[in-house]
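Asker: Provide a 3D model corresponding to the input given below.
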Amino acid sequence: MTKSAHTEAEDNVSAELTVAAPAATVFAVLADPTTHAAIDGTGWVQESVDRAPLTEAGQLFRMDMYHPNHPNGNYQVVNKVQVLEPPRAIGWLTGSRDDSGELEFGGWIWRYDLVPLGPDETEVALTYDWSAVPQSIREYIQFPPFGPEHLTNSLRHLAEVVAGR
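Answerer: Reported below is the predicted structural model:
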């Protein structure tokens, strides 16, 4: 890890970090839902419910979560892979099931972009984008729901997980 930075725009926040690993290795960690709790910079992700690697756009994977301000404390999200371009980009929409079991997405996306800087170094950019969140959701959830340091924390955790491989 040599470089770290974060930026904020009107409807997204991002951070970058140079990771001492090939892009394919970094991508493999990101495509493994079982690593997401260790990578998470907020501490909200508890455990992956679905353990299969992410292999295609449209794939769904669930995560058990905890947030003290959530009405239930513990809850589950359903993520839908939106971008899967190994080893360059991966991203997903976060949603949940409503009371009737229908899947609903709030309009925010997590995206990682990887740029190889050499055989053993990758620049990783993490972006949290809420530009598609409707006003009805913005009335009760403040965006972003965390400080920008959480993205930097996530990238540092990613670098630690990758180093352990």
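
Asker: SS state for the residue of the chain most remote from its centre?
Answerer: Distance from the C-alpha centroid of the chain, by Cα atoms, centre = their mean, peaks at Ser100 (26.4 Å). Counting by DSSP: H, G, I helix; E, B strand; the rest coil, the backbone at Ser100 sits in coil.

Asker: So what's the gap between the helix or strand encompassing Val83 and the chain middle?
Answerer: Counting by DSSP states H and E, the element that carries Val83 is strand 74-85. Distance of strand 74-85 from its chain centroid, counting by Cα atoms, centre = their mean, to the nearest Å, is 8 Å.

Asker: I'd like the mean pLDDT over that strand, please.
Answerer: Taken as a whole, strand 74-85 has a mean pLDDT of 93.

Asker: How about residues contacting that strand?
Answerer: 31, 46, 49, 54-67, 89-97, 103, 105, 109-111 (Cβ atoms under 8 Å, 6 or more residues apart in numbering). All C-beta spots, glycine's among them, are computed from the backbone N, C-alpha and C.

Asker: Now go through those and say which are in strands.
Answerer: For the contacts of strand 74-85, the ones inside strands are 46, 60-66, 89-97, 103, 105, 109-111, with DSSP state E as the criterion.

Asker: Now a ChimeraX select for only the buried ones of those residues.
Answerer: Typed into ChimeraX, the line below selects the buried ones among the ones in strands among the contacts of strand 74-85, using 16 or more other Cβ atoms under 10 Å:
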select :46,61,62,63,65,89,90,91,92,93,94,95,96,105,109,110,111
